[in-house]
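1. Give the three-dimensional model of this entry:
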Amino acid sequence: MKKLFALILALCMVFALSACGGDSSKTTDPTTVPTTAPTTAPTTAPTTAPTTAPTAPAAEKPAPGFYELVAFDDAGDYMEMDSEYMEHINPDELAYLFLYEDGTALIFMDFEEYEVVDNGSTFIFEEGFAVDYDFKDGQLVMYVEDSFTYYFEKSDREGPSEGEQKGGEAFTAEAVASFEGDWHGWCEVNYGIGAFEEDEGEGFEIIARFVFDEDGNCQAFMAVPVDDQADNFQNLTVSYDSYGDYMYFYGELFDTEISEGNLLDLGGFLSGNLILEEGDDYMSISITMLRIGDTWDPEYNIPCMPEDVQEYYEDMDLIDIAELYGVDLDLIPEN
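-> Below is the predicted model:
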């Protein structure tokens, strides 16, 4: 086979040389040169050159307006806000941004608002650092750190839903079914500083009644067992946030402003958080509430009411418990 291949290669070379050499009778002395040169040269040349160079397509630019968080990636853990794991979380509580026509922007993240300058691919913060972003196919992707990325999309809303909560958004029929009725629950203090430092780790009870009118507006009553009723819930109002089906509540407890209070139906029981904050005094509380008469499950109802407390209140209704608390019964709305 090797000999055959060598023969074919040699023949190819011979044919190539023959083609180049032409008729041997017309060979010339290599020392001579042609005595004549072409008498004419091409008389025309391209008279015009392209006047413009090809340009790259213009980069997309995000339009001014409010952008809501639709997903985030934390060290490779990608999570969409409308997934089953996040659907009860209001995305506006995590992050959002406004883009303004004058080239500035407002970014909310890490529970802080930042005024920034938008140079088209980077947000420049007054604090002296910058965050890169891309915009493609209607999605603004902001790279906060090497391991954390926010994904935003423009919304028709003018701002975050948090600003609408105190306005009293009416509860939907489904939400009314989730929250109405009488509740008995257990609270635990997760964190306390200042006047509340000694309360950290403590647990206490809570009762509630939520009554709704035909328009989905709520009358709310909540109370905890305290020696001085002036320390109990005061000026209590609630509203509904359709992002995640949250009930938000406002007012005072322990003579301190409620900076954040929310409850969420987790399938037959309510789970929530309560934050009291005033000056250097701060308290963070977790809440679980079951309808009065329902059975507690320590695996799912966390924090869970201790068994001895459950047994003590067995067969009592809300009014019975409120009387033990020493609450003014006139404060409780009628069902």
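2. When you work out contacts or count neighbours from here on, use the C-alpha atoms and nothing else.
-> Will do.
3. quick one: contacts of whichever strand or helix holds Leu324?
-> Element membership of Leu324 [criterion: DSSP states H and E] is helix 318-325. Residues outside helix 318-325 that contact it (CA atoms under 8 Å, 6 or more residues apart in numbering): 182-184, 207-209, 223-226, 292, 313, 328-329.
4. Quick check: strands, which of those are part of them?
-> 182-184, 207-209, 223 (DSSP state E).
5. hang on, the earlier thing: go through the contacts of helix 318-325 and say which is closest to Glu93.
-> Closest to Glu93 out of those is Ala208 (25.2 Å), distances taken as CA to CA.
6. can you map out the strands along the stretch 201-335 of the chain?
-> Along the stretch 201-335 of the chain, the stretches classed as strands by DSSP state E, counting those that start in this stretch are 203-212, 218-223, 234-241, 246-253, 256-265, 269-278, 281-291.
7. mind checking which of those strands is nearest Gly120?
-> Among these, if distance is taken as CA to CA, the winner is strand 234-241, at 33.4 Å.
8. coming back round to it: highest neighbour count among the contacts of helix 318-325?
-> Greatest neighbour count in these, by other CA atoms under 10 Å, goes to His184: 26 neighbours.
9. Report the separation between Asp294 and Asn301.
-> 11 Å (CA to CA, to the nearest Å).
10. More neighbours: those two, which one.
-> Asn301 (20 against 12).
11. Run through the residues that contact that one.
-> Contacts of Asn301 by CA under 8 Å, 6+ apart are 269, 288.
12. picking up where we left off before, just the mean pLDDT for the helix holding Leu324, thanks.
-> For helix 318-325, mean pLDDT rounds to 97.
13. Pop the domain breakdown of the protein in here.
-> Using automatic domain parsing, the domain ranges for the chain come out as 65-159, 166-331.
14. Point out where the stretch 151-300 of the chain drops to low pLDDT.
-> Counting by pLDDT under 70, the stretch 151-300 of the chain shows low-confidence ranges at 162-169.
15. redo that, cut-off 90
-> For the stretch 151-300 of the chain, the stretches flagged by pLDDT under 90 are 157-170, 215, 217, 237-246, 260, 267.
16. Show me the helices in this structure, by range?
-> Using DSSP state H, the helices of the chain run over 2-21, 173-179, 307-312, 318-325.
17. where along the stretch 51-200 of the chain do the strands fall?
-> Counting by DSSP E, counting those that start in this stretch, the strands of the stretch 51-200 of the chain are 65-74, 77-80, 95-99, 104-109, 112-118, 122-125, 130-136, 139-145, 148-154, 181-193.
18. Buried deepest among those strands, which one?
-> Across the strands of the stretch 51-200 of the chain, the average number of neighbours (mean count of other CA atoms under 10 Å) peaks for strand 95-99, which reaches a mean of 22.
19. and that strand, average pLDDT?
-> 95.
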